[in-house]
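*Asks:* please work out how this folds:
(chains A and B)
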Amino acid sequence: MAIELKDVENIAHLARLQLSQAEKQEAQNSINDILHMIDQMQAIDTTGVEPLAHAYESSQRLREDVVTEQDQREVLLAIAPSTERGLFLVPKVLE
Amino acid sequence: MLKQGIAALSSSLSKGEVSSVEITEAYLAEISRHNTDLNAYVTVTAEQALAQAAAADKARAAGNAGVFTGIPIAHKDIFCTTGVKTSCGSRMLDNFIAPYNATVVEKLLASGAVMLGKTNMDEFAMGSSNETSYYGPVKNPWNRSLVPGGSSGGSAAALAGHLCAAATATDTGGSIRQPASFCGLTGIKPTYGRVSRWGMIAFASSLDQAGTLTHSAEDAAIMLNIMAGFDPKDSTSVDLPVPDYCATLNKPLSGLRIGIPRQHFAEGLNPEVEAQIRAALHEFEKLGATIKEISLDNSHYSVAAYYVIAPAEASANLSRYDGVRFGYRCNKPVDLEDLYKRSRAEGFGAEVKRRIMIGTYALSAGYYDAYYIKAQKVRRLIKNDFERALNEVDVIMGPTSPHTAFPLGAKTKDPVAMYLEDIYTIAVNLAGLPGISIPAGLVNGLPIGLQIVGRDFDEAKLLNIAHMFQQATDWHKQTPGA
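*Replies:* You can find the predicted model right below:
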């Protein structure tokens, strides 16, 4: 499978990446090279094979539903790029 | 003194021949002399290191010293460290100071280790040459026109260049073992789940595993004794007892059954590397092991499956970098979408963006089955191959890399060629198994690595085998320019 420039634009949008025209062109070429390599695996017959998501197929461990973390609000806000009155600041989202 | 590694330094410290402050000062002097050129460290924590060394000496004087007390080490800059920048080799985290220590960092700190600094790495561990770092490429101490390997290239160069006594590292597809091979070091990637991933910045969560780079298998055993173990903070951490890895180092190897996969001795392997690997295998026969050819039928497809699974997981993991809560934020975003898109475009380098896009594509509607599910099925077949083989033999051996370290810049324009660097190591991560690379010879004056792969949680056996080899040979004692 090969991708076109409009596919690159769609993928970049889904991944929330702004690309220049030159970067899109480069991405199209290199991603197509990589997909070509990846497509080798289509040669294997995997009929009836169960997908393996994780090397150890165990169910997620559960713990008691109690508070284990301390309040780190100030510490976590201190490393944010922009905050105000204890909140993360982003550009206006509602008119 | 600086070339000795953990075990020898620990013994000198306990005999009172040298203090931790003296060792730490000596390493710091070497760092200031060589780091500008090698670029192995992103951050050097000199003041903190000297304070930790002084505290270690004090603890020793009070009779409270363990084997690791006062040993100066380096951490790959993927492990979070309270109060010290954790960049993961990325502009995205150039301003990131974690509010907590990774479990690995915490355990080594508690053991009395001294942290000299944080080491350079491929950006978000995505690379096999340490050339994708925001902080520039790392040079190989054996020959400064060559790459050290990656992604743990800074840790490998710092250790091979004698700028630390040992280093932490991580391995998602070969990032400990390949730099170990290129820099003449012992590098172990433990079984998935053996060492906590908490506080270790995520690349591909079902493959990432922390391990060590050291001068010997004995040093690796000492360090893994501290790092391994269950951590309730990591939901994939495995709750199994940790054996004393030092206790079984000297077990004789008579009767050991070694499998050599025919696919790892096929086209693409440099003939001189092959000759050295075969000589190393002969050494094991002299130690009482038997060798049998095996087949890993689907190993040829491991790179293909990996470059679907790892980017897919990365695209999800790296979605957290949005310019809102921490990390890089673009200037004057006009709206939320602009904030996301430009922060990520400016904060991530080319290789990271490429992998995020591959992963996004593989997970997108219409392609999910053809790529992601197909890759997971291939992953199962690859794991089955290993299980079958490890029923017949105790360990699997072969080259870590098809060749010695390559020149800086040689593969940066060709991602596929770079991806194929990990042809012998990647399948091990897909199967979750432990693997170690040990120095096994020199080709044209450059080190090569022998990879040993074992069954789940068989780290003790891998270290035992590596140690016995290192008792019989001195490849691990070769140093750059020596």
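*Asks:* what residues does the stretch 351-482 of chain B put near chain A?
*Replies:* The stretch 351-482 of chain B comes close to chain A at residues B:353-354, B:356-358, B:360-361, B:364, B:367, B:370-371, B:373-381, B:383, B:414-416, B:419, B:430-433, as judged by CB under 8 Å from any CB of the partner chain. Placement of C-beta: from N, CA and C, glycine included.
*Asks:* quick check: helices, which of those are part of them?
*Replies:* Per DSSP state H, helices hold the following members of those: B:353-354, B:356-358, B:360-361, B:374-381, B:383, B:415-416, B:419, B:430-431.
*Asks:* buried subset of the residues of the stretch 351-482 of chain B next to chain A?
*Replies:* B:353-354, B:356-358, B:360-361, B:364, B:367, B:371, B:373-381, B:383, B:415, B:419, B:430-433 (16 or more other CB atoms under 10 Å in any protein chain shown).
*Asks:* so for the residue of chain A found nearest chain B, what's the nearest residue that isn't a sequence neighbour?
*Replies:* With CB to the nearest CB as the measure, A:A55 is the residue of chain A nearest to chain B, at 2.5 Å. Using CB to CB, 6 or more residues apart in numbering or on different chains and skipping residues adjacent in sequence, the residue nearest A:A55 is B:G432, 2.5 Å away.
*Asks:* just the pLDDT at that neighbour, thanks.
*Replies:* Looking at B:G432, its pLDDT is 97.
*Asks:* check contacts around the residue nearest in space to the middle of chain A.
*Replies:* Among the residues of chain A, the one closest to the centroid is A:A15, at 6.7 Å (CA atoms, centre = their mean). By CB atoms under 8 Å, 6 or more residues apart in numbering or on different chains, A:A15 lies in contact with B:S315, B:R344, B:K353, B:I356, B:M357, B:T360.
*Asks:* try A:A12
*Replies:* Counting by CB under 8 Å, 6+ apart, A:A12 has contacts A:Q18, A:L19, A:K24, A:A27, B:M357.
*Asks:* go again with 7 Å.
*Replies:* Going by CB atoms under 7 Å, 6 or more residues apart in numbering or on different chains, A:A12 touches A:L19, B:M357.
*Asks:* for B:V352, see how far away it is.
*Replies:* Distance, A:A12 to B:V352, by CB to CB, to the nearest Å: 13 Å.
*Asks:* what about B:G149, how many neighbours?
*Replies:* 36 (other CB atoms under 10 Å in any protein chain shown).
*Asks:* beta partners for B:T212?
*Replies:* Taking DSSP bridges as the rule, B:T212 bridges to B:T168, B:I188.
*Asks:* need the contact list for the residue nearest in space to the middle of chain B.
*Replies:* The centroid of chain B falls nearest to B:I176 when counting by CA atoms, centre = their mean (2.3 Å). B:I176 sits next to B:S152, B:A169, B:T170, B:G187, B:I188, B:K189, B:G211, B:L213 when contact means CB under 7 Å, 6+ apart.
*Asks:* pull the number of nearby residues for the fourth one.
*Replies:* I take that to be B:G187. 34.
*Asks:* which residues touch it?
*Replies:* With CB under 7 Å, 6+ apart, B:G187 has these contacts: B:A169, B:I176, B:R177, B:P179, B:A180, B:G211, B:L213, B:I436, B:S437.
*Asks:* show me what B:P399 bridges to in the sheet.
*Replies:* B:L450.
*Asks:* any idea how far it is from chain A?
*Replies:* 21 Å (CB to the nearest CB, to the nearest Å).
*Asks:* could you check the pLDDT of that residue?
*Replies:* pLDDT, read off for B:P399, is 98.
*Asks:* residues near it, how many?
*Replies:* 26.
*Asks:* tell me where chain A has strands.
*Replies:* A:83-84, A:87-88 (DSSP state E).
*Asks:* with mean pLDDT added, can I get those strands in JSON lines?
*Replies:* Output for the strands of chain A, formatted as JSON lines (pLDDT from 0 to 100):
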{"stretch": "strand A:83-84", "mean pLDDT": "95"}
{"stretch": "strand A:87-88", "mean pLDDT": "95"}
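*Asks:* list the contacts of residue 79.
*Replies:* Going with chain A. Applying CB under 7 Å, 6+ apart to A:I79 gives the contacts B:F96, B:I97, B:P99, B:F326.
*Asks:* correction: the question concerned chain B.
*Replies:* B:F79 neighbours (CB under 7 Å, 6+ apart): B:A102, B:V104, B:V105, B:T168, B:G199, B:M200.
*Asks:* around the residue nearest to it when sequence neighbours are not counted, how many other residues sit close by?
*Replies:* Spatial nearest neighbour of B:F79, excluding adjacent residues (CB to CB, 6+ apart): B:A102 at 4.1 Å. By other CB under 10 Å, 25 other residues sit near B:A102.
*Asks:* identify the residue of chain B closest to chain A, quick one.
*Replies:* B:G432 (2.5 Å).
*Asks:* didn't that residue look like it was pressed against B:P190?
*Replies:* No - judged on CB atoms under 7 Å, B:G432 makes no contact with B:P190 at a distance of 10.1 Å.
*Asks:* can you classify B:H264 by secondary structure?
*Replies:* helix (DSSP: H, G, I helix; E, B strand; the rest coil).
*Asks:* quick check: pLDDT value at it.
*Replies:* For B:H264, pLDDT reads 97.
*Asks:* correct me if wrong: it contacts B:I423.
*Replies:* No - the pair B:H264 and B:I423 does not pass the contact test of CB under 7 Å, sitting 8.4 Å apart.
*Asks:* coming back round to it: excluding its backbone neighbours, what's nearest the residue nearest to the centre of chain A?
*Replies:* Nearest to A:A15 is B:T360, by CB to CB, 6+ apart, at 4.4 Å.
*Asks:* tell me if I'm right that the one you found and B:E313 touch.
*Replies:* No - the pair B:T360 / B:E313 is not scored as a contact, 11.7 Å apart, by CB under 7 Å.
*Asks:* contacting residues for the residue nearest to B:P141 when sequence neighbours are not counted?
*Replies:* Nearest non-adjacent residue to B:P141, counting by CB to CB, 6+ apart: B:G161, 3.8 Å away. Neighbour list for B:G161: B:H34, B:L38, B:A40, B:P141 [criterion: CB under 7 Å, 6+ apart].
*Asks:* now, of those, which are buried?
*Replies:* If we count by 16+ other CB under 10 Å, these have these buried: B:H34, B:L38, B:A40, B:P141.
*Asks:* helices and strands of chain A: which one bottoms out on pLDDT?
*Replies:* helix A:73-78 (a mean of 92; mean pLDDT, DSSP states H and E).
*Asks:* which other residues reach stretch B:147-155?
*Replies:* By CB under 7 Å, 6+ apart, stretch B:147-155 touches B:40-42, B:74, B:76, B:119-122, B:125-131, B:137-140, B:156-157, B:167-170, B:175-176, B:178-179, B:181-183, B:213, B:405-406, B:408.
*Asks:* relative to B:N95, how far out is B:K139?
*Replies:* 26 Å.
*Asks:* those two: which has the busier surroundings?
*Replies:* Set side by side, B:K139 and B:N95 show more neighbours around B:K139, with 22 against 14, by other CB under 10 Å.
*Asks:* can you tell me the closest non-neighbouring residue to the more buried one?
*Replies:* B:L38 (5.1 Å).
*Asks:* what kind of secondary structure is B:G255 in?
*Replies:* coil.
*Asks:* test my guess that it contacts B:F284.
*Replies:* No - using CB under 7 Å, B:G255 is not in contact with B:F284, being 11.7 Å away.
*Asks:* name the helices or strands packed onto the helix or strand encompassing B:A314?
*Replies:* Secondary structure from DSSP states H and E places B:A314 in helix B:302-317. Here helix B:302-317 touches helix A:21-38, helix B:350-363, helix B:374-392, helix B:426-431, going by 3 or more CB pairs under 7 Å, 6 or more residues apart in numbering or on different chains; DSSP states H and E.
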